[in-house]
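**Student:** based on what follows, work out the 3D shape:
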Amino acid sequence: MKDRPAPKLPDGVWDSVHNYILVALIYLLALQSPLEGISGIFKYIDEFVAVAGLLCWGISSIHHGRFRIKHYVFAAVIPLTVFLLAGFAGNILYRYQPWSFVLKDLFTNFKFFMALLTGYALMPKCMNKAAMRHIGIHLRLITALLFAVFCIERVSPVFGETEVRYGLRSAQMFYYHATYLAGSMAFLITAMTVFYDKRNLPFIGMTLLMLMFTLRSKAIVSAMVYVMLFMFLIVIKGKLKLWHFAVLGAAALVIGWEQISFYFIDLGGASGRSIMTSTSFQIMKDYFPIGTGFGTYGSAAAAENYSPVYMLYGFNDIHELASWNPMAFLNDTFWPIIIGQTGLIGTFAYLVLLVLVLTKVIPLARINRYCFLGGLFILVYLLISSTAEPAFNNAVAIPLAVILGGLIRFMEQNKYPNGCKATHIVLQ
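**Tutor:** Numbering: from 1, shown residues only. As a prediction, this is how the structure comes out:
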């Protein structure tokens, strides 16, 4: 079946449409948390962005009369499918949660990868000089506005008192929580790096300062890692080797050791985070090799409909994790979700998937150093954040996924200028 011709539009129109859509998404995603305070409809922005990528791929496939899966992408589809089957196997075997909560958590676990498709489809038309210049203006504008608010908050807590850490008031501004401000700053840093212009540099400095002033350990570590990567990749123009990652990991461990020691050593089995983590490994052993299924452990769905798994492991007798505690820390970290819900098979598949994503970022080092730095920082930020929040499943991961998806497409266009091999499934 032959491809149907795409609708003919004047030259440059599609580029402009993509450009304005991306600019609109930058405002919506960077300001999603404060916008939710205006209207509840804005809390679905990240879900909409994730679904949009899948819809674009589906509509394009139907229009052309075939599904097209590129071979280098197909390698990632395999561990993603294994991860899905491992979770579903637990749901089918143990039936700890109703299917409505299972499906809700399934979507939460997959929306990061769905958002990659959105960026993959949207960003390529925005990587020319004119579009990058236009997008850069908006990135600098939103950063300047946020920095002005940040400076006001430093003088007076006009948005209310915030948590005091290290003898300082943490920055939160009009965001629901400092974590969401940190996520927005990570997004703006990444975007201004990918759409780099010399004029972006002081604004990147502003976002780094705001990121650090959230006073979350993960934010401080991430900001310092970004500065080290920028100096090495952009200023010195060095080439990253495996031992460099070991040095970065050691530096991040030293910087964040105080918090790690507090939650996992000093408190030991007394903090919700350490209990969730240690119990997830016990579940991996008890339910070897598949785990308890989606929506059953560590996830928002498991907290919303208090999971029977928590009852089995005595969580209802622990104040920080009890069903009767409205402030229970049941969705406070990421890896226990993967380990507990999908077991050894699902956890291994997820790690393989992240490694495969990294292998799509590495070729950018030879194509564009700024894009390589941006893609690398996305993965570094999410991995660091995953120790203290459900990073890859969180709303703050979606804007980063959009940028990452666009970078993967940018890599593809440069690495395979004549097109890459693909498998076609014809629709009858």
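
**Student:** so which residues of the chain form strands?
**Tutor:** 66-70, 164-165, 168-169, 422-426 (DSSP state E).

**Student:** and the ones you listed, which one is worst for confidence?
**Tutor:** Looking at these, the lowest mean pLDDT belongs to strand 422-426 (a mean of 63).

**Student:** now do the contacts for Val158.
**Tutor:** Ile152 (Cβ atoms under 8 Å, 6 or more residues apart in numbering). Glycine gets a C-beta too; all of them are placed from N, C-alpha and C.

**Student:** pLDDT weak spots in the stretch 51-200 of the chain?
**Tutor:** 61, 63-68 (pLDDT under 70).

**Student:** now do the helices in it.
**Tutor:** Shown for the stretch 51-200 of the chain, the helices assigned by DSSP state H, counting those that start in this stretch span residues 71-94, 99-122, 129-155, 178-194.

**Student:** among these, which is the most enclosed?
**Tutor:** helix 178-194 (a mean of 26; mean count of other Cβ atoms under 10 Å).

**Student:** report the inter-axis angle for that one versus helix 129-155.
**Tutor:** 150 degrees (axes from the mean of the first three to the mean of the last three Cα atoms, to 10 degrees).

**Student:** could you say what helices and strands helix 178-194 packs with?
**Tutor:** helix 13-30, helix 32-36, helix 129-155, helix 201-212, helix 217-230, helix 369-385, helix 397-415 (3 or more Cβ pairs under 8 Å, 6 or more residues apart in numbering; DSSP states H and E).

**Student:** next, the angle from it to helix 217-230.
**Tutor:** 10 degrees.

**Student:** from now on call the first residue 58
**Tutor:** New numbering, starting at 58: the last item is helix 235-251.

**Student:** distance from the chain centre to helix 235-251, please.
**Tutor:** Averaging C-alpha positions (Cα atoms, centre = their mean, to the nearest Å) puts helix 235-251 11 Å from its chain's average.

**Student:** C-alpha coordinates for that helix, PDB please?
**Tutor:** Provided in PDB are the C-alpha atoms of helix 235-251 (Å, rounded to 0.1, in the frame of the first residue of the first chain):
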ATOM      1  CA  ALA A 235      10.100  23.200  46.200                       C
ATOM      2  CA  THR A 236      10.500  19.900  44.300                       C
ATOM      3  CA  TYR A 237       8.300  21.300  41.500                       C
ATOM      4  CA  LEU A 238      10.300  24.500  41.400                       C
ATOM      5  CA  ALA A 239      13.500  22.500  41.100                       C
ATOM      6  CA  GLY A 240      12.000  20.400  38.300                       C
ATOM      7  CA  SER A 241      11.000  23.600  36.400                       C
ATOM      8  CA  MET A 242      14.500  25.000  36.800                       C
ATOM      9  CA  ALA A 243      16.000  21.700  35.500                       C
ATOM     10  CA  PHE A 244      13.800  22.000  32.500                       C
ATOM     11  CA  LEU A 245      14.700  25.600  31.800                       C
ATOM     12  CA  ILE A 246      18.400  24.900  32.200                       C
ATOM     13  CA  THR A 247      18.200  22.000  29.800                       C
ATOM     14  CA  ALA A 248      16.200  23.900  27.200                       C
ATOM     15  CA  MET A 249      18.500  26.900  27.300                       C
ATOM     16  CA  THR A 250      21.500  24.500  26.900                       C
ATOM     17  CA  VAL A 251      19.900  22.700  23.900                       C
END
